[in-house]
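**Student:** quick one, fold the following:
(one chain, ligands or ions: 2)
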Amino acid sequence: MVIGYGMVGARFIEEVRRRDPNGVRVRLTVLGAEPWPAYNRVLLSTVLAGGLSARSVELHSIGWAARQRVDLRTGVSVSALPGAATEAADPGHLPAATVVCRCNTVTKGAPVTAWRAGATDPGALSRATRAGTGCGSCGDTVRGICAWLAESDPPVLHAVRAEGAA
Ligand SMILES: Cc1cc2nc3c(=O)[nH]c(=O)nc-3n(C[C@H](O)[C@H](O)[C@H](O)COP(=O)(O)OP(=O)(O)OC[C@H]3O[C@@H](n4cnc5c(N)ncnc54)[C@H](O)[C@@H]3O)c2cc1C
Ligand code: FES
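**Tutor:** Numbering: from 1, shown residues only. Ligands and ions are numbered 1, 2, ... in the order given. Now for the predicted structure:
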């Protein structure tokens, strides 16, 4: 089962079917929240500006999935998986070297350092690290890190530490 029918999900199922064209070894079910076929998201701004049609950036034609023996269900958003751990979604469990913003190759360690230096809201974290200043798709991640830091390392403690050091 593949959750997410975006650029990576689309490419992944193409590759699985390339290796198993008749679907003998791998049954594929794809659940995608968006109601339309996967599309080249990088070209989204060109589509919005009127430079390309929405149809021209679609990665698969209508009927592609059925021809490839893929059970594709669009407009379906997965909210939970039975038995799935919730830890992975918690920024506190991510290693510091995890890339949280792909556009600017910002790792989790950068916002943590910026937070301790006084960047204590999502906007300030973005300005200090450049996370979220590209395509913007990591905005939720930056806000999640901010919420996690607000709880685990509240700014009020920074002041206490600074007083202690003085
Ligand atoms: C305007 C713009 C410009 C960009 N420009 C560049 C660029 O120049 N270079 C570059 O390298 N990258 C660029 N990016 C980033 C690039 O688009 C992403 O890196 C790429 O789309 C990631 O592919 P993905 O499949 O992981 O995620 P996405 O393409 O975001 O696809 C994820 C899919 O999963 C679905 N989904 C999410 N959660 C669930 C759920 N719970 N249940 C079901 N479905 C779910 C989403 O609806 C979405 O369709 C740009 C992005 C944008 C928006
Ligand atoms: S992934 Fe962070 S701005 Fe694009």
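**Student:** and the chain, what are its domain boundaries?
**Tutor:** Residue ranges of the domains in the chain are recorded as 2-74, 87-165, according to automatic domain parsing.
**Student:** how about those, which one is nearest ligand 2?
**Tutor:** Taking CB to the nearest ligand atom as the criterion, ligand 2 comes closest to domain 87-165 out of the domains of the chain, the separation being 3.2 Å. For the C-beta atoms, the positions are set from N, CA and C on the backbone; glycine is no exception.
**Student:** please say whether there is contact between the closest one and ligand 1.
**Tutor:** Yes - using CB under 6 Å from any ligand atom, domain 87-165 reaches ligand 1 at 102, 135, 137.
**Student:** what would the domains of the chain look like in a markdown table with mean pLDDT and mean neighbour count?
**Tutor:** Conversion of the domains of the chain to a markdown table gives the following (pLDDT from 0 to 100; neighbours: other CB atoms under 10 Å):
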| stretch | mean pLDDT | mean neighbour count |
| --- | --- | --- |
| domain 2-74 | 95 | 14 |
| domain 87-165 | 88 | 15 |
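**Student:** follow-up on the earlier one: out of the residues of domain 87-165 next to ligand 1, who's near ligand 2?
**Tutor:** With CB under 6 Å from any ligand atom as the criterion, the residues of domain 87-165 next to ligand 1 include 102, 135, 137 near ligand 2.
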